[in-house]
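**Student:** Would you be able to build a 3D model of this:
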Amino acid sequence: MHTIHGLCRICITARLPQVTILRGKDGYGFTICSDSPVRVQAVDSGGPADQAGLQQLDTVLQLNGQPVEQWKCVEVAHAIRNSSNEIKVVVWRTGSAAKPSFEGLIHRPSYKPS
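**Tutor:** Residues are numbered from 1 along each chain as shown. The predicted structure follows:
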């Protein structure tokens, strides 16, 4: 049983996104942050993780079939670095509405100063 989301392995693989990422020349193309659970901090646009469908703010539940919900960021990073040429991650995704967007945050005044 998974402690954070209360899902078993069968439920996770059947219902949650599993993303397979091939290692590029500069790595997998994403950064992670926070501990227990680890979250995707950023995804390099056009990089391997982006092409595979990983998204910013995804929560990493499994890495290569192993539950990692209770792992620290440094432990997950070490496991990713030590992976061969491919990783498989199962993620918890809250939806595109939770993904930050900076479009429209810069507002120009509609008035002209005198």
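
**Student:** Show the residue spans covered by the strands in the chain.
**Tutor:** Using DSSP state E, the strands found in the chain span residues 18-22, 30-33, 38-43, 59-63, 66-67, 86-92.

**Student:** could I get the ones you listed as CSV with distance to E75, mean pLDDT and mean neighbour count?
**Tutor:** Every C-beta, even on glycine, is put in place using the N, C-alpha and C of the backbone. Output for the strands of the chain, formatted as CSV (distance: least, C-beta to C-beta, whole Å; pLDDT from 0 to 100; neighbours: other C-beta atoms under 10 Å):
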stretch, distance to E75, mean pLDDT, mean neighbour count
strand 18-22, 18, 96, 17
strand 30-33, 10, 96, 17
strand 38-43, 8, 97, 19
strand 59-63, 10, 95, 21
strand 66-67, 11, 94, 13
strand 86-92, 14, 95, 20
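
**Student:** Now render those strands as a markdown table, adding distance to D50.
**Tutor:** A markdown table is the format used below for the strands of the chain (distance: least, C-beta to C-beta, whole Å):
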| stretch | distance to D50 |
| --- | --- |
| strand 18-22 | 9 |
| strand 30-33 | 8 |
| strand 38-43 | 5 |
| strand 59-63 | 16 |
| strand 66-67 | 24 |
| strand 86-92 | 14 |
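
**Student:** where in this protein is pLDDT low?
**Tutor:** 1-14, 95-114 (pLDDT under 70).

**Student:** longest helix of it?
**Tutor:** Ranked by residue count and defined by DSSP state H, the top helix of the chain is helix 73-81.

**Student:** I'd like to know which elements that one is packed against.
**Tutor:** Applying 3 or more C-beta pairs under 8 Å, 6 or more residues apart in numbering; DSSP states H and E, we find helix 73-81 packed against strand 30-33, strand 59-63.

**Student:** Quick check: which of the ones you listed is nearest to I21?
**Tutor:** strand 30-33 (7.9 Å; C-beta to C-beta).

**Student:** partners of that closest one in the sheet?
**Tutor:** Strand 30-33 pairs in its sheet with strand 38-43 (antiparallel), by DSSP bridges.

**Student:** got the angle between the partner strand and strand 59-63?
**Tutor:** 110 degrees (axes from the mean of the first three to the mean of the last three C-alpha atoms, to 10 degrees).

**Student:** Perfect, I'm done here.
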